[in-house]
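Colleague: just a sequence and a predicted model for now, questions to come.
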Amino acid sequence: MEIPEDALREIIFNSIVHKLQFGTWNQMSIYDDHIRLWNEGVLPENYTVETLMSKHTSKPRNPKMAQVFYRAGFIEAWGRGYEKIMKAFDKANLKRPEFTVEQGGVTAIIYREIFMSIRGDAKLNQTEPKPNQNRTKTEQKIQILELLSETPTITRAEIAEILTLHESSVQRRLEALVKEGKLRHIGPTNGGSWEVINHSS
């Protein structure tokens, strides 16, 4: 499936439950590379997009509608919708959706990486798999260690580009390597360098 079904459904449900009912209708636009969903109604006071990404108190703008969705089984737990969305995209190894507050409402940008990959392959007549498409996680981690051994200051984005992986995949491999005691980060979170401790697989 191109986009995780449960995550897409959750995004749409959130858009409905948090919509300003006296405003205009929800608007969805589908493009080749992304889907844009906007609903009128800004976030609750003192809430930011970052607030939504972690456990938070749910404040639906339409509580009666939210109750209907909950009793119908569309909402499993209050305040965990965005967490559920992100986990679904991470599990599918896809770029996470982006949420922004704009034009008096909330916009969700859902990227269509699989569609663009298939479409691009068809246009370029490239049927061979990407270099890392069939590599195991262990093989990908070994490649990352090799890159960091040569260039300790290489960025996550640069690793993703070189190995043809999503940045989220690179981040997960880096975190795993740190837990395994094979890698250590030195310096500030945004920047710094990496020290390879144990390069054996």
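Modeller: Received, thanks. What you are looking at is a predicted structure, and each value in this text was computed from that prediction instead of being measured.

Colleague: any idea which helix or strand in this structure has the lowest mean pLDDT?
Modeller: helix 113-124 (a mean of 67; mean pLDDT, DSSP states H and E).

Colleague: what's the residue closest to the geometric middle of the protein?
Modeller: Arg96 (1.5 Å; CA atoms, centre = their mean).

Colleague: what's the closest non-adjacent residue to it?
Modeller: Leaving aside its sequence neighbours, Arg96 sits nearest to Phe89 (CB to CB, 6 or more residues apart in numbering; 5.0 Å). Bear in mind the C-beta positions are built from the backbone N, C-alpha and C, glycine included.

Colleague: got it, and Thr153?
Modeller: For Thr153, the closest residue by CB to CB, 6+ apart turns out to be Ser193, at 4.7 Å.

Colleague: any low-confidence regions in this protein?
Modeller: Scanning the chain for pLDDT under 70 picks out 75-80, 119-134, 190, 198-201.

Colleague: helices of that one, residue ranges please.
Modeller: For the chain, applying DSSP state H gives helices covering 5-17, 49-52, 63-71, 81-91, 113-124, 137-150, 156-163, 167-179.

Colleague: quick one: closest of the ones you listed to Leu37.
Modeller: Nearest to Leu37, of all the helices of the chain, is helix 5-17, at 5.6 Å by CB to CB.
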